[in-house]
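> Predicted model, plus sequence, below.
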Amino acid sequence: MRIDILTLFPGIFAGPLDHSILARAKEAGLLSVAVHDLREYAGGRHRVTDEPPYGGGGGMVMKPEPIFAGVEAIRERFGPGKAILLSPQGEILTPRLARSLAAEGHLILICGRYEGVDQRVADHLADAEVSIGDYVLTGGELPALVVVDAVARFLPGVLGDPEAARKDSFEEGILEGPQYTRPREFRGHPVPDVLLSGNHAAIEEWRREEGVRRTLARRPALLKKKLTPGGGVE
Ligand code: ADE
């Protein structure tokens, strides 16, 4: 899969994509991520990318021209891609959405900054608007990284265990149960006996029960959604 990222701050992306699973996915040719500086698509000597909002109000709004030019240039060079504007007004990222984005061959992620992005980007350029949660960040760069990570986990071959993405929290509608590793006892806290029993059916059942218990205590709304007929988890 190819992901192009349009941003005013390309430097933000240097570290997170170069380690661990994402780095390996890139090395294996399963994922290719290119970061593009929006300023390069801004016209004029000063390469202005933002202006005060029409109608007044504080702050600056990102201009449409560099964003349209950037997406169009990427599409011309690398073929059509689904353009996604990261914004707090977007559809909330869920496993279902991440999985469906992973099925796209090519994504173009547009990172907004400042007080917002000219509405014409959402209305006439982006194919979708995605939010990573009901909080406002200083820009779309961290959300874009979250989308890359969440999507990459669903690309075949990226996770060592192909079942892992499915088994993780949320995919099955409940939180994951607790995990333990060595030592068997740490500072007086033992690992639950069942995990040492070698009885795989009992372990599986225990994990599921713990997951349900956790979900009930921490995220009861997830269970309610799961139990609602036709109401998927996501
Ligand atoms: N930009 C600022 N906050 C955001 C959020 N929560 N999700 C996506 N993009 C954003």
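It's in.
> any idea how far Ala34 lies from Asp123?
Going from Ala34 to Asp123 by CB to CB, to the nearest Å gives 26 Å. For every residue, glycine as well, the C-beta is placed using N, CA and C.
> CA atoms only: put stretch 24-37 into CSV for me.
Extracted in CSV, the C-alpha atoms of stretch 24-37 (Å, rounded to 0.1, in the frame of the first residue of the first chain):
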residue,chain,number,x,y,z
ARG,A,24,9.8,-3.5,8.9
ALA,A,25,6.6,-3.2,6.8
LYS,A,26,8.4,-0.5,4.7
GLU,A,27,11.5,-2.6,4.3
ALA,A,28,9.4,-5.6,3.3
GLY,A,29,7.7,-3.5,0.6
LEU,A,30,4.3,-3.9,2.2
LEU,A,31,3.9,-0.2,2.9
SER,A,32,5.4,2.8,1.4
VAL,A,33,5.0,6.2,3.0
ALA,A,34,6.0,9.5,1.4
VAL,A,35,5.8,12.9,3.2
HIS,A,36,5.3,16.0,1.1
ASP,A,37,5.8,19.6,2.2
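> Relative to the whole chain's centre, how far out is it?
Centroid displacement of stretch 24-37 relative to its chain, using CA atoms, centre = their mean, to the nearest Å, is 15 Å.
> And Ala25, which helix or strand is it part of?
helix 20-27 (DSSP states H and E).
> Sketch out the strands for the protein, chain order is fine.
In the chain, the segments counted as strands under DSSP state E are 2-7, 32-37, 50-51, 61-62, 82-92, 106-111, 128-131, 185-186, 189-190.
> List the contacts of Arg219.
Leu175 (CB atoms under 8 Å, 6 or more residues apart in numbering).
> Now it: phi and psi?
Dihedral pair for Arg219: phi -140, psi 60, per degrees, to the nearest 10.
> got it, and Arg47?
Backbone torsions for Arg47, taken as degrees, to the nearest 10, come to phi 50, psi 50.
> Check whether it really touches Leu38, as I assumed.
No: Arg47 is not in contact with Leu38 according to CB atoms under 8 Å; the separation is 9.2 Å.
> who has more neighbours, these two?
Leu38 (23 against 13; other CB atoms under 10 Å).
> From the ligand, how far off is the residue most central in space within the chain?
The residue lying closest to the centre of the chain (CA atoms, centre = their mean) is Val147, at 2.0 Å. Here the criterion is CB to the nearest ligand atom, to the nearest Å. By it, Val147 lies 9 Å from the ligand.
> cool, and Asp50?
Taken as CB to the nearest ligand atom, the span from Asp50 to the ligand is 15 Å.
> Now that residue. Nearest residue, chain neighbours left out?
Met60 (4.1 Å; CB to CB, 6 or more residues apart in numbering).
> likewise Ala25?
Leu31 (4.2 Å).
> same thing with Glu51?
Leaving out its chain neighbours, the residue that sits closest to Glu51 by CB to CB, 6+ apart is Lys63, at 5.8 Å.
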